[in-house]
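J.: Here is my input; please provide its structure:
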Amino acid sequence: MFIETSITFSYDLVRRFGSTTERQFVSACGHAAFGHWSCVLVILGNANHHFPGDLSFRLAPCRKSLTIASWKHTQYLVAETDSTPDGRGAAEVLLKDATMIRIYALTLAVVFAAALSNAQDSLDEQTQALIARGASLELKTKSVPPPGSPLEHHASGFAKVLCSAVFVTGLDPEFAAESIGYFTAPYEERAKLKWRVDRENKAVHVTLPNGVIRTAKYIGDLGCLTLPRGEQSPFFEPPNIESELPDAATMMWPMGDVLPVDGLPPNLDAATVARAVNAAFEPPEALTAAYVITWKGQIIGERYRDGITMHTPLESWSMGKSLTATLLGTLIKDGVYSLDQPAPIPEWQNDDDPRKKIRIADILHMSSGLRFRAPLDPDFDPADGYPDHRYVYTGAVNSFKWAANRPLQWVPNTVGRYRNSDPVTANYLIRLAVDKRGEGYHSFPQRALFDKLGMRDMVLETDPYGNFLLQGYEFGAARDWSRLGNLYLQDGVWNGKRLLPHGFVDFVSTLAPAWVADGRPIYGGFFWINGNDRFPIPQEAYYMAGAGGQYTIIVPSHDLVVVRMGHYKGSGDGLEALRKSLALLMQTIPERRGN
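T.: Below you'll find the predicted structure:
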């Protein structure tokens, strides 16, 4: 793990820490070109490093408000911005109640300096090469940031996050405000805002320091959405989404909830599986909410946090991108689209529009080339304005139109970047196809996919114009995500019927060419790939991933699907817990014969 940072420890800094009890912040920015975002304290590895005396540092990935060290009245805390599997973020090392800190601050300076000197050169080469390659291929188009102040966008995101947490997941609002959804509502910004849950009207109101109020409202089967300023309702009539499935309690897994009464197969070590399940929940600070393990399609391990059940819809974030790929895959299977065809986005159809060359495959590969600033860009600078990547969540605008009207930054299929422009335009393609067929758009996922897989607990949210925001605003129960993962394990076939076209599973689980050209063997077709050994499983394993520690991991070589869902605040501990659990599973799950 390499960390790029601007952190410095000078004698003056040490001296000031030793003479004040006020909170002091040291900021650092980091990017791991071949891995996940970790804080500056992880650069020595995921291990324990002990300092003299009682002061001990646990070197682990960053997470929100994590106490990483304490010595009598001195505490060292870490806070971080949002992160995703190949993330870029900001970390803060917070030192407070400074007692006898001069020596230990100096120790920190020595340790950080040594670690950074080892990491800096390699990271600089990797990141600079990535940036340089992008710059050399960049087209001469302009980047225009979204309108609105960042804080108002944070308020918009916070209102929606709280609304969904309370009215979709059923969480306590105080717990939600502390633990949920940092991606569109950064934790450190929440102290600047005042919020109120209106249970009578099923709404959440967030007030900014200037008196502006942003409101998110629960609208029924489509969950919650943030309303534009001054609006009392969305610009469409929210429908009821009905499933045609029988009661899950009357059907066997996977179409229902009933599990076989037999124990685990004799070739599996039940004790190791149990240890793996429990490891996913340790320590409690991991805030793991749900964990489901299937082998050859059958549940062999399952556990839920107190207050969470097999039917609780949990924040899933960017796992929705993989769901988007699946829905698009059903249309490809029906012959509506093909992977190699230029995407028929209406805004791109002028004769001289270079975006006409963007193929559907390029969109699924996160390689459309659209200019769409995102926090994961290697050259992302917050000073350039609020990112498009988050604006399609928080702007309360027509997200499809916003994404479709961005210009090209690169020729399609040349540069890979993790940007919401691509899943948003993919969802635009889904709506265009469903509307053209004269079918109900909002019921399409339930009708075309969920009912066929036995998925009863998905909640898909929209923008105020009724467009699905499946780049990350969806909620699902862990068992439902397990069903979706098993559809891919079974090559797109369910109960003997093909739901996804031949070759589609291979497509999404194969490295995207533009990402390979960038030197990052980690992304396929709206699925992440374990090409950098992020997890202790085979490199050909692939997975859905969502901010805050949401994973659906597919390991074809071992007939294994693992779903881990948790609350955002615990994502750092949760990631380490998941790794430990997977390592235990690899000890007992046999490799598929013929591999």
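J.: For the stretch 201-350 of the chain, which segments are assigned as strands?
T.: 203-207, 213-218, 224-226, 288-295, 298-304, 314-315 (DSSP state E, counting those that start in this stretch).
J.: Pull the distance from the first one to the chain's centre.
T.: The reference is to strand 203-207. Put simply, strand 203-207 sits 24 Å off its chain's centre (Cα atoms, centre = their mean, to the nearest Å).
J.: hang on, the earlier thing: could I get the strands of the stretch 201-350 of the chain as a markdown table with mean pLDDT, mean neighbour count and distance to G572?
T.: Glycine gets a C-beta too; all of them are placed from N, C-alpha and C. Shown next, in a markdown table, are the strands of the stretch 201-350 of the chain (pLDDT from 0 to 100; neighbours: other Cβ atoms under 10 Å; distance: least, Cβ to Cβ, whole Å):
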| stretch | mean pLDDT | mean neighbour count | distance to G572 |
| --- | --- | --- | --- |
| strand 203-207 | 98 | 23 | 26 |
| strand 213-218 | 98 | 23 | 27 |
| strand 224-226 | 97 | 29 | 27 |
| strand 288-295 | 98 | 25 | 12 |
| strand 298-304 | 97 | 19 | 20 |
| strand 314-315 | 98 | 30 | 16 |
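J.: would CSV of those strands with distance to A270 be doable?
T.: Below are the strands of the stretch 201-350 of the chain laid out as CSV (distance: least, Cβ to Cβ, whole Å):
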stretch, distance to A270
strand 203-207, 44
strand 213-218, 42
strand 224-226, 41
strand 288-295, 12
strand 298-304, 9
strand 314-315, 27
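J.: So for stretch 246-263, mean pLDDT?
T.: The pLDDT scores in stretch 246-263 average 95.
J.: End to end on it, go ahead and measure it.
T.: 26 Å (Cα to Cα, to the nearest Å).
J.: Show me which positions of that stretch end up buried.
T.: Neighbour counts over stretch 246-263 (16 or more other Cβ atoms under 10 Å) mark A248, W253, P254, M255, G256, D257 as buried.
J.: which residues touch the fourth one?
T.: Which is M255. By Cβ atoms under 8 Å, 6 or more residues apart in numbering, the residues touching M255 are L245, L453, G454, N495.
J.: are any of the residues you listed buried, and which?
T.: L245, L453, G454.
J.: quick one: L511 and L453, what's the gap?
T.: 27 Å (Cβ to Cβ, to the nearest Å).
J.: same question but for N278, I mixed them up
T.: 28 Å.
J.: re the thing from before, in helices, which of the contacts of M255 appear?
T.: In this view, these that belong to helices under DSSP state H are L453.
J.: any chance of the contacts of M255 in a markdown table, plus distance to T425?
T.: Shown next, in a markdown table, are the contacts of M255 (distance: Cβ to Cβ, whole Å):
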| residue | distance to T425 |
| --- | --- |
| L245 | 31 |
| L453 | 25 |
| G454 | 30 |
| N495 | 32 |
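J.: of all the contacts of M255, which comes closest to Q471?
T.: L453 (21.0 Å; Cβ to Cβ).
J.: doesn't L484 make contact with that closest one?
T.: Yes - assessed by Cβ atoms under 8 Å, L453 is found in contact with L484 at 6.6 Å.
J.: All the helices of the stretch 401-550 of the chain, residue numbers only.
T.: Under the criterion DSSP state H, counting those that start in this stretch, the stretch 401-550 of the chain contains helices at 421-436, 444-445, 451-453, 478-489, 504-508, 513-517.
J.: ok, and what's touching the longest one?
T.: Outside of helix 421-436, the residues that reach it under the criterion Cβ under 8 Å, 6+ apart are 320-321, 324-325, 327-328, 331, 336-337, 343-346, 360, 363-368, 370, 372, 388-389, 392, 399-400, 402-404, 406, 440-441, 444, 467-471, 526.
J.: run the last query once more with 6 Å
T.: If you take Cβ atoms under 6 Å, 6 or more residues apart in numbering as the criterion, helix 421-436 is touched by 321, 324, 327-328, 331, 336, 363, 366, 368, 370, 372, 392, 399-400, 403, 406, 441, 444, 468, 470-471.
J.: Same check on the fifth one?
T.: Contacts with helix 504-508, where a contact means Cβ under 6 Å, 6+ apart, come from A325, G329, Y488, D491, G492, G524, G525, F527.
J.: what would the residues you listed look like in TSV with neighbour count and pLDDT?
T.: Output for the contacts of helix 504-508, formatted as TSV (neighbours: other Cβ atoms under 10 Å; pLDDT from 0 to 100):
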residue	neighbour count	pLDDT
A325	25	98
G329	26	98
Y488	25	98
D491	14	98
G492	22	98
G524	24	98
G525	27	98
F527	24	98
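J.: for those, which one is nearest S156?
T.: A325 (27.0 Å).
J.: Output the below-cut-off pLDDT ranges for the protein.
T.: 1-123, 594-595 (pLDDT under 70).
J.: And it, what are its domain boundaries?
T.: For the chain, automatic domain parsing gives the domain ranges 11-137, 150-226, 314-537.
J.: For D269, which of the ones you listed is the nearest?
T.: Short answer: domain 314-537, nearest of the domains of the chain by Cβ to Cβ, at 17.2 Å.
J.: so how far is that closest one off the chain centroid?
T.: Averaging C-alpha positions (Cα atoms, centre = their mean) puts domain 314-537 13 Å from its chain's average.
J.: Surely S581 touches A279?
T.: Yes - in this structure, S581 is within contact of A279 by Cβ atoms under 6 Å, at 4.4 Å.
J.: Neighbour count: these two, which is higher?
T.: Legend: neighbour count by other Cβ atoms under 10 Å for S581 and A279, higher for S581 (27 against 21).
J.: which parts of the helix or strand encompassing the more buried one are buried?
T.: Secondary structure assignment for S581, by DSSP states H and E: helix 571-588. Using 16+ other Cβ under 10 Å as the burial criterion, the residues of helix 571-588 that qualify are 571-582, 584-586, 588.
J.: What angle do strand 298-304 and it make with each other?
T.: 150 degrees (axes from the mean of the first three to the mean of the last three Cα atoms, to 10 degrees).
J.: Check the burial of the closest residue to R373 other than its chain neighbours by counting its neighbours.
T.: Nearest residue to R373, sequence neighbours excluded (Cβ to Cβ, 6 or more residues apart in numbering): P387, at 4.6 Å. Neighbours of P387 under the rule other Cβ under 10 Å: 22.
J.: mind starting the numbering at 33 from now?
T.: I'll keep to 33 as the first residue from here, and by that count the last item is P419.
J.: can the contacts of helix 536-540 go into TSV with extra columns for distance to N459?
T.: As requested, the contacts of helix 536-540 are exported to TSV (distance: Cβ to Cβ, whole Å):
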residue	distance to N459
A357	11
G361	13
Y520	19
D523	24
G524	20
G556	18
G557	15
F559	16
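J.: from the residues you listed, which is closest to L492?
T.: Nearest to L492 among the contacts of helix 536-540 is A357, at 14.5 Å by Cβ to Cβ.
J.: what's the residue nearest to R405 in contact with, if anything?
T.: For P419, the contact set (Cβ under 6 Å, 6+ apart) comprises R405, A406, P407.
J.: Tell me how many other residues crowd the second one.
T.: A total of 17 residues lie near A406 under the criterion other Cβ under 10 Å.
J.: can you check the last one too?
T.: Counted by other Cβ under 10 Å, the residues lying close to P407 total 21.
J.: you'd agree it is in a helix?
T.: No - per DSSP: H, G, I helix; E, B strand; the rest coil, P407 lies outside any helix segment and is coil.
J.: which stretch among the helices of the stretch 433-582 of the chain comes nearest V198?
T.: Per Cβ to Cβ, nearest to V198 of those: helix 510-521, 19.9 Å.
J.: so how far is P410 from D156?
T.: 11 Å.
J.: How about P533?
T.: In this view, P533 and P410 are 34 Å apart by Cβ to Cβ.
J.: Neighbour count: those two, which is higher?
T.: Ranked by neighbour count (other Cβ under 10 Å), P533 and P410 place P410 first, with 21 against 18.
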